[in-house]
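**Q** how would this look folded up:
(chains A and B)
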Amino acid sequence: MDAIGFKFILFMITALVVIVSSVLMATRKNPIHSALWMIVTFFAMAIIYLLLNAQFIAVAQVMVYAGAIMMLILFVIMMVNMDKGNEEETTKASWSLGKKMAAALLMVILLVELLFGALFYRMTARVGDYPADAVAAAGNAKTVGALLYGQYLFPFEVASILLLIGIVGAVVIAKRNK
Amino acid sequence: MFQEIPPGLCLVLSGIIFSIGAIGAITRRNVIVVFMCIELMLNAVNLAFIASGNAFSSMDGSVFVFFIMTVAAVEAAVGLAIFVMVFRLQGTVNADEFNLLKG
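**A** Sure, this is the predicted structure:
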């Protein structure tokens, strides 16, 4: 087996899966179908993270996004959209042709700009202290953990307080107050 | 050892996914689908972070993505709670029919 091309071919296939499933996610009429395609997108994204030597983030992606967030979204869709599953898009006809053209033009400009930046920008950052081989030898999760509890300790604690506020806020907002 | 993936390709993929998410967030009317498109845009940004961190053999990309995931989780919890509350008040999740702030 050609070891050089393997990772590249895998990346290309996964990138194709990501693009196709995210287009399907954005276009399905039924929100539940959208959510299921979103899960496919997240899993394919996790594979790309693995290919980019970020094992910890890949696992966190599957647990946080594909597990927790998508479950929450599916719950809310089933709570909210019970009777009117896909009756939306009826008001979409109110979009005039000019408005549609303007939106499409804006999006094309955005895409071209992003691609231009990605392809032609010369990245000049200094090379960091964590080459892939050394990180793989020490363990990816261990390295990320040492950074989180060392250099990034304060942001980490702030993030935990943010999560606490989010929990309390979600309960307070969603509570039925009589 | 396997050859690394060129970072430019990852950034191109990130840009394409971000554009798909932006198009969806602008054109869809169902707020939950809009919300999912915003999550997709966050994911595209995560991919750009990871690709850059990998290209520069730096671990900061992973740490930043960790914090972005934290914010996305909080945003999901609070946002979906708001959708549930608005659905109770208005009986719809169509973004065109939200007029709670009209006074």
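**Q** What distance do you get for A:A54 to B:V65?
**A** According to C-beta to C-beta, to the nearest Å, A:A54 stands 8 Å off from B:V65. The way it works is simple: take the backbone N, C-alpha and C, and place the C-beta from them, glycine included.
**Q** what does A:N140 give?
**A** For A:N140 relative to B:V65 (C-beta to C-beta), the value is 13 Å.
**Q** quick one, domains of chain A?
**A** Per the record, chain A has its domains at A:1-82, A:138-178, by automatic domain parsing.
**Q** Tell me, how many residues neighbour the nearest residue to A:M78 once chain neighbours are set aside?
**A** In this structure, A:M78 finds its nearest non-sequential neighbour in A:I32, 7.7 Å apart by C-beta to C-beta, 6 or more residues apart in numbering or on different chains. Neighbour count of A:I32, defined by other C-beta atoms under 10 Å in any protein chain shown: 16.
**Q** just to revisit the earlier point, so which of the domains of chain A is the most packed in?
**A** domain A:1-82 (a mean of 19; mean count of other C-beta atoms under 10 Å in any protein chain shown).
**Q** what does the average pLDDT come to for it?
**A** Predicted confidence along domain A:1-82 averages 89 (mean pLDDT).
**Q** next one: stretch B:84-101
**A** Mean pLDDT, stretch B:84-101: 80.
**Q** Going along the chain, name the helices of chain B.
**A** Along chain B, counting by DSSP state H, helices occupy B:7-27, B:31-55, B:60-90.
**Q** that older thread, now do the shared contacts for A:N140 and B:V65.
**A** By C-beta atoms under 8 Å, 6 or more residues apart in numbering or on different chains, A:N140 and B:V65 have these common neighbours: A:A54.
**Q** picking that back up, could I get the helices of chain B as JSON lines with mean neighbour count and distance to A:L10?
**A** Output for those, formatted as JSON lines (neighbours: other C-beta atoms under 10 Å in any protein chain shown; distance: least, C-beta to C-beta, whole Å):
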{"stretch": "helix B:7-27", "mean neighbour count": "21", "distance to A:L10": "13"}
{"stretch": "helix B:31-55", "mean neighbour count": "23", "distance to A:L10": "15"}
{"stretch": "helix B:60-90", "mean neighbour count": "19", "distance to A:L10": "20"}
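**Q** Next, work out how far apart the residue most central in space within chain A and chain B are.
**A** Centroid check for chain A by C-alpha atoms, centre = their mean gives A:F42 as the closest residue, at 6.2 Å. For A:F42, the distance to chain B (C-beta to the nearest C-beta, to the nearest Å) stands at 7 Å.
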